[in-house]
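> whatever this is, show me its structure:
(chains A and B)
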Amino acid sequence: NAGVTQTPKFQVLKTGQSMTLQCAQDMNHNSMYWYRQDPGMGLRLIYYSASEGTTDKGEVPNGYNVSRLNKREFSLRLESAAPSQTSVYFCASTGANVLTFGAGSRLTVL
Amino acid sequence: KQEVTQIPAALSVPEGENLVLNCSFTDSAIYNLQWFRQDPGKGLTSLLLIQSSQREQTSGRLNASLDKSSGRSTLYIAASQPGDSATYLCAATSGTYKYIFGTGTRLKVLA
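Numbers count the residues shown, from 1 in each chain, chains lettered A, B, ... in the order given. I've put the predicted structure just below:
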């Protein structure tokens, strides 16, 4: 099984550009999450989707939008990237209360 | 609001030593707590999940305990090996889908 797949793995953007991070899981999980990880800050929840058709804000949602396209896919969009959004982004899903993570997407905003 | 703390931030031990990593949380109305391992530049790998009704969980050389009354969880690693070197994170949820993470303990096991 592939588990949780994120694309792209690396991306460099200029301030003001937009982009979408893609996430897909093949474990038939209902809930999906987007986190960002910054040095010294740990993982912070950006948005989550408890089930298909629902999305909710996490701790740090400003500057981001999400779409739960179907049960498998949950995308994260940066409409106008800022240097403060330079981070490593992780997608995750839960099944039987166990969080399963993707490999991460490293985003740099210049 | 749930807050999760992990102390120390970094730890170095000689190979073969038994060690304990600590995780503290502020909201005792916890639904479950999960321990993860993260290797440099990689994603998080789930190690152990403890439900609120459980006191401990074991997997191989790893044992995790949960004490809701004191707001603490510990991860015990027996007979540590250099391959155990990684960052260990804990995450707690109060059942609202929001898993709150600690900042992790960076472990180095010296050969």
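> and the strands in chain B?
B:4-5, B:10-14, B:19-25, B:32-38, B:44-51, B:56-59, B:62-67, B:72-77, B:86-93, B:99-101, B:105-110 (DSSP state E).
> which one of the ones you listed lies nearest to A:Ser105?
Closest approach to A:Ser105 among the strands of chain B (Cβ to Cβ): strand B:44-51, 13.8 Å. No exception for glycine: its C-beta is placed from N, CA and C like everyone else's.
> what strands flank the closest one, and is each parallel or antiparallel?
strand B:32-38 (antiparallel) (DSSP bridges).
> tell me which parts of chain B are close to chain A?
When proximity is defined by Cβ under 8 Å from any Cβ of the partner chain, chain B lies next to chain A at B:31-32, B:34, B:36, B:42-46, B:49, B:51, B:89, B:91, B:97-104.
> now the buried members of those.
B:31-32, B:34, B:36, B:43-44, B:49, B:89, B:91, B:97-104 (16 or more other Cβ atoms under 10 Å in any protein chain shown).
> where do the strands sit along chain A?
Along chain A, the stretches classed as strands by DSSP E are A:4-7, A:10-13, A:19-25, A:31-38, A:42-49, A:56-57, A:64-68, A:74-78, A:87-95, A:98-101, A:105-109.
> using TSV, lay out those together with distance to chain B.
Shown next, in TSV, are the strands of chain A (distance: least, Cβ to the nearest Cβ, whole Å):
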stretch	distance to chain B
strand A:4-7	8
strand A:10-13	11
strand A:19-25	12
strand A:31-38	6
strand A:42-49	4
strand A:56-57	8
strand A:64-68	13
strand A:74-78	13
strand A:87-95	6
strand A:98-101	4
strand A:105-109	8
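> can I get the ones you listed in TSV including distance to B:Arg61, mean pLDDT and mean neighbour count?
Putting the strands of chain A into TSV (distance: least, Cβ to Cβ, whole Å; pLDDT from 0 to 100; neighbours: other Cβ atoms under 10 Å in any protein chain shown) gives the following:
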stretch	distance to B:Arg61	mean pLDDT	mean neighbour count
strand A:4-7	26	96	19
strand A:10-13	34	96	14
strand A:19-25	29	97	20
strand A:31-38	26	96	24
strand A:42-49	25	93	22
strand A:56-57	38	94	14
strand A:64-68	38	97	18
strand A:74-78	34	98	20
strand A:87-95	25	95	22
strand A:98-101	20	92	20
strand A:105-109	31	97	18
